[in-house]
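> Quick one, what's the 3D model for this:
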Amino acid sequence: MNAPLFEAHLVPHRSLSPRGLGLLLGAITLAACGTAAVFVWLGAWPVLGFSGAEIGLAALLLRLHALGARASETLVLTESTLIIRRADPAGRQTQTRLPAAWLHVRIEERPGRVPRLLLHSHGRATEIATMLGETEKRDLATALTRALAQPRQPAITIS
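Prediction:
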């Protein structure tokens, strides 16, 4: 394989560490138990079941959110090929190869939503960087467009 002209490893942004997620779940549990204790003291003991369900649902959703951080996407551009390696949260990996000579980067605007970053080649479009925000997608599009232009514009020296 040729030496890479461009390489980017993309992972979803997560603002909380595993420890932070544990502390958040602890705070949710403490608040739910405190609320349930007040209701039990007032005689509304069935609230205990709902509080338990609330804690369980919060734990499940935080776990699913944390598992999503295991997804990744790697872009490797050589002179002839762009390789897109994707890993989903379960660890399954896929790889796509696109010819670099025919590749064009395009941002598709979507009103009220984050734009899509598309790679066009031979009449097909492949979306990349779905986990990134708008600014990061625009920066990636600029960097990838520059990297794709390098082999297309060879340096000419006149002696």
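> Name the spans of this protein whose pLDDT lies under the cut-off.
1, 151-157, 159 (pLDDT under 70).
> max-length helix in it?
If you go by DSSP state H, the chain has its longest helix at helix 18-41.
> Backbone dihedrals for the spatially most central residue of the chain, both of them.
In the chain, the centroid-proximal residue (CA atoms, centre = their mean) is Met131; its distance is 2.6 Å. Here is the backbone geometry of Met131 (degrees, to the nearest 10): phi -90, psi -10.
> rewinding a little: relative to helix 18-41, how tilted is the very next helix or strand once past the longest helix of the chain?
The helix or strand immediately downstream of helix 18-41 is helix 47-67, counting by DSSP states H and E. Here helix 47-67 runs at an angle of 170 degrees relative to helix 18-41 (axes from the mean of the first three to the mean of the last three CA atoms, to 10 degrees).
> Go ahead and name everything in contact with helix 47-67.
14, 18, 21, 24-25, 28-29, 32-33, 35-36, 39-40, 89 (CB atoms under 8 Å, 6 or more residues apart in numbering). Backbone N, C-alpha and C define where each C-beta goes, glycine included.
> now, which of those sits nearest His120?
Nearest to His120, judged by CB to CB, of these is Pro89 at 27.7 Å.
> so Leu132 makes contact with Leu10?
Yes - counting by CB atoms under 8 Å, Leu10 is a contact partner of Leu132 at 6.4 Å.
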